[in-house]
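A.B. asks: Output the structure for:
(chains A and B)
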Amino acid sequence: MSEELSKAYEPGLVEDKWYAWWQERGLFHADPASPKPGYSIVIPPPNVTGVLTLGHVLNNTIQDILARHARQTGHEVLWLPGTDHAGIATQTVVERRLRKEEKKTRHDLGREEFLKRVWEWKEKHGGIIIKQLKKLGCSCDWERERFTMDEAYALKVQEVFVDLHTKGLIYRGKRMVNWCPVSLTALSDEEVIPKPQKGYLYHFKVEIVERPGTFLEIATTRPETIMGDTAVAVNPKDPRYREFIGLSVRRPLPLDGQAILPIIGDEAVEFEFGTGVLKVTPAHDKADYEIGLRHNLPVIDIMNPDGTLNDLAGEDFAGLDRFEARVEAVDKLRELGILVKEEPHENHVGFSERADVPVEPRLSEQWFLKYPKTQEARAAVRDHLIQFFPDRWEKVYDHWLENIQDWCISRQLWWGHRIPVWYPANAECGVGNAEVISAAGGGTSHSEFPIPNSEFLVSVESPGEGWVQDPDVLDTWFSSWLWAHETMEAAALKKFYPTSALVTGPDIIFFWVARMIMAGLEYTGEVPFRSVYFTGIIRDKQGRKMSKSLGNSPDPLDLIAKVGADGLRFGLLRIAPQGQDIKFDEQQIVEGRNFCNKLWNACRFRLMHGAVDPAADPSKHDLSIFARDLLAKLDATIQRVNEGYEAFRFSDIAQALYDFVWGDFCDRFIESAKADFDSPRRDGTLAVMDFTIQRILKLLHPYTPFITEELWSGLGFGPQSLMESPWPDAGNAAPEPRAEAVYGAVSLARNLRATYNVPANKRVAWQFTPSEDWVNREIPALSLFLHAESLIACDKAPAGSAACPTDIGILYLPLEGLVDPSAERSRLQAEVGKVEAEIEKVARKLSSESFVKNAPPAVVAEHRQRQQDWVARLAELQSAIQTLG
RNA sequence: GCACGGUUGGCGCAGUGGUAGCGCACCUCACUGACACUGAGGGGGUCGUAGGUUCGAACCCUACACCGUGCACCA
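C.D. replies: The predicted structure follows:
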């Protein structure tokens, strides 16, 4: 950098340079052999083919801040980066492309060829988000970048499957699962998002076979499943219906296959809902399936995996989509004359998180996990072995674990960790569950070959000839729940595990955080992290979530191009209070840039007054009141910042630094310093400036690493990187109330100027009656602050001037010819009004007997003081009015 | 339905019992020896509603309203 800094900070010119330099010097690398205490973070692995969002920016900036702060406070830091394979998302993207470009499905290619294509896609696009994180300045240890499909990691995933199976925690079972008819795979409960849907409650009647002329009225939201009904249920305690239990009704649909259904009694039926009569469809409803089990009902599966109806639904319905079939079914009921009414009705329907379509409850053969260490995991958080920030998430976490259900871990996908289970190649592929009547004729599983219900072997290695592997893969989260420990080799584990902090969004508290805790406890015997910081969600100005379809999510790289990575980081962090959602507005990012520019120019100003002394020591100088005040504020700021890190209050830290740099350092200290350059104070003032700038750069570095490194080097604090510089200690410099008094007086005087509309560029010959001796020494600074033509001491009020009483004396603004006394009088009178109101307020309190009696003495004394001050102020104002004549 | 969070000037927020604050926006003035990505000044709020506790409430308690989130098999 040249002697002269450019007039404005230009981030584009310096960011890449410093990032490369940090990497060359190996500053991001974590050494397990280091004697320093360890500090570690594992990145929440983004989707390998994803692109950076503002959410990632927030999340990763916080991690970078923690990592850089930890390095400066003397830790050996590991920030371990990587990506995950995002099974469904990635496979869907590649399939869509295949369909578009080659008009083929994955089945056309076959498994092996298809997976080759996915890997190609990953190689081509997989690096994007990593490059973006680098642009943002993330100080990850890139030598340790991991991917959930890395060979070693994948092996671990399979070994864990085998292990949990051996322990009896993983089992295969035919159960009702959440089926996504678009992705054609089972999902876990967590991947189902209930959404309120406006629909209808359809009422239709069925005749009781044994009592012609007597009808039962049934209410349903899903008439398209009537063809799968195998019973009608009422509550045995319901006096309206209990007499019918044991009789039967005729199922109206399909027309070509009307069946006689039993009327059964089951306590699960609510009296109040609908008509109190429930149609029971065991194949297509979780609750109905349970009823079916209790009453040994047949299960008729009328749907294909893609959500269309099959032959069992009858010829009128076969081939129709489930929602078309609903319309058709209602028409049929109407034609039969048994549709009673359609009642508008809102209910919650589970949607597939990925495909955003209603999931279909579906009976299918899947692999399930009984979670390990659930009670230990609850205890770890309850007893604060793991600390949540904000702590309110503890309750959410605990509630989930308390009601935890087994986890469906198999997915009917190709992209992912294949289930390490083997079947004899010649095994008979039975239906598996004899009472299921299924049109497909095969198993109710899904993939290109039905899962045999024969013996199987669980093993990572193939048992050899004659065995075929289970076609399905594991849920992506079944691999990422090992992320905290399986990404590290033994030496790293020893040094860096358990990790120090996890930074993530509350939306994956169940998906990932809770499961990682269980996996950590199961496989390392320890919690995987000490602290979990949950960020807020970034929303747009109207409070909506950022989403691609809404087009309301700005590209972080565009923002970086506009304001620099530092501007983006600082701007975003300043408005991100702990765990609260953030309403994003680009203006706030611009403020981040402005702040960087302010800092830049303050340093530029310093350089204009000669070389910086990196070893500057303020204690060797006789300092001005302003310099002493600044040092006290610096100590207080360091204190505030340290407290912020303790409590993970990142916006507080940003705000503290913003206030100090802009307000205390630039607006006040630098302005006062301008009076010192031609005085004996010069050396002391420069020393304080150098001392303070050095600390500002250190304190700001975690938030704005690029500009601070550039200035650190440019001002001559190097040659070592700022990253390696130790964190500053907070001293306990005493505050300097005299500086505060001067600033207060300046503010009052400027106010007075403005009141008289004295233009900002007009220099004024002020007069002044200082109240104390020391004030005389500060006349040059005061004069500068006031932009005065002159500032001359006087004993009494000069004629024709406006008086401005302050804590350091009375300032007089000459008004000759400028203003008529009546304007000044009315101004003062207005001021008197305000002061009298304050006096009245205090007096009212003090005259209250109960206040004086009950309030703590210190509070009462403080009120008395306040009253005195206001009364004195009133006297000054009144005397000013008199002087005016 | 249950739980959690939010409700403070136009906007975004801080403020957990003792004189309502900050940033932006707005209005006025100014290119004074770093910075117009700037400086100076100003106006603007009965702290969601209704009760209660207290000498004193934005803050504590109780309801309610609205917004957001999570959980919940009422078809």
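
A.B. asks: tell me which parts of the stretch 301-450 of chain A are close to RNA strand B?
C.D. replies: Listed as neighbours of RNA strand B in the stretch 301-450 of chain A under the rule CB under 7 Å from any atom of the strand: A:Asn347, A:His348, A:Arg392, A:Lys395, A:Val396, A:His399, A:Trp400, A:Asn403. Yep, even glycine has a C-beta here, placed from its N, CA and C like the rest.

A.B. asks: Okay, and the fourth one sits in which element?
C.D. replies: So that's A:Lys395. Assigned by DSSP states H and E, A:Lys395 belongs to helix A:393-402.

A.B. asks: Dump that helix to CSV, restricted to CA.
C.D. replies: Only the C-alpha atoms of helix A:393-402 are listed here, as CSV (Å, rounded to 0.1, in the frame of the first residue of the first chain):
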residue,chain,number,x,y,z
TRP,A,393,-34.9,-23.8,22.2
GLU,A,394,-34.2,-26.2,25.1
LYS,A,395,-37.9,-26.7,25.6
VAL,A,396,-38.6,-27.4,21.9
TYR,A,397,-35.7,-29.9,21.9
ASP,A,398,-36.8,-31.6,25.0
HIS,A,399,-40.4,-31.9,23.9
TRP,A,400,-39.4,-33.6,20.6
LEU,A,401,-37.2,-36.1,22.4
GLU,A,402,-39.9,-36.8,24.9
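
A.B. asks: will you turn the residues of the stretch 301-450 of chain A next to RNA strand B into JSON lines that also has neighbour count?
C.D. replies: Formatted as JSON lines, these follow (neighbours: other CB atoms under 10 Å):
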{"residue": "A:Asn347", "neighbour count": "12"}
{"residue": "A:His348", "neighbour count": "10"}
{"residue": "A:Arg392", "neighbour count": "12"}
{"residue": "A:Lys395", "neighbour count": "11"}
{"residue": "A:Val396", "neighbour count": "15"}
{"residue": "A:His399", "neighbour count": "11"}
{"residue": "A:Trp400", "neighbour count": "16"}
{"residue": "A:Asn403", "neighbour count": "7"}
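
A.B. asks: hmm, back to that, what residues does the helix holding A:Lys395 touch?
C.D. replies: Residues from elsewhere that reach helix A:393-402 (CB atoms under 8 Å, 6 or more residues apart in numbering): A:374, A:377-378, A:381-382, A:388, A:506, A:509-510, A:513-514, A:532, A:534, A:579.

A.B. asks: What confidence value was assigned to the closest residue to A:Val57 other than its chain neighbours?
C.D. replies: Take A:Val57 and drop its neighbours on the chain: the residue closest to it by CB to CB, 6 or more residues apart in numbering is A:Pro556, 4.9 Å away. pLDDT, A:Pro556: 90.

A.B. asks: same thing with A:Tyr153?
C.D. replies: So, for A:Tyr153, pLDDT stands at 96.

A.B. asks: Is it part of a helix or strand, or is it coil?
C.D. replies: helix (DSSP: H, G, I helix; E, B strand; the rest coil).

A.B. asks: From A:His485, how far off is it?
C.D. replies: 11 Å (CB to CB, to the nearest Å).

A.B. asks: Now do the contacts for the residue lying closest to A:Glu191 once chain neighbours are set aside.
C.D. replies: Nearest residue to A:Glu191 in three dimensions, chain neighbours excluded: A:Glu353, at 4.5 Å (CB to CB, 6+ apart). Shown in contact with A:Glu353 (CB under 8 Å, 6+ apart): A:Leu187, A:Glu191, A:Val192, A:Ile193.

A.B. asks: secondary structure element for the last one?
C.D. replies: Element membership for A:Ile193 (DSSP H and E) is strand A:192-207.

A.B. asks: Show me which positions of that strand end up buried.
C.D. replies: Of the residues in strand A:192-207, A:Val192, A:Gly199, A:Tyr200, A:Leu201, A:Tyr202, A:His203, A:Phe204, A:Lys205, A:Val206 count as buried by neighbour count, 16 or more other CB atoms under 10 Å.

A.B. asks: re the thing from before, check whether the residue nearest to A:Val57 really touches A:Leu54, as I assumed.
C.D. replies: Yes. Using CB atoms under 8 Å, A:Pro556 is in contact with A:Leu54, at 5.9 Å.

A.B. asks: Show me what A:Pro424 bridges to in the sheet.
C.D. replies: Note on A:Pro424: beta-bridge partners by DSSP bridges are A:Trp467.

A.B. asks: Who are the contact partners of the residue nearest to A:Val57?
C.D. replies: Listed by CB under 8 Å, 6+ apart, the contact partners of A:Pro556 are A:Leu52, A:Thr53, A:Leu54, A:His56, A:Val57, A:Gln132, A:Leu136, A:Leu568.

A.B. asks: mind checking how far it is from RNA strand B?
C.D. replies: To RNA strand B, A:Pro556 is 18 Å away according to CB to the nearest atom of the strand, to the nearest Å.
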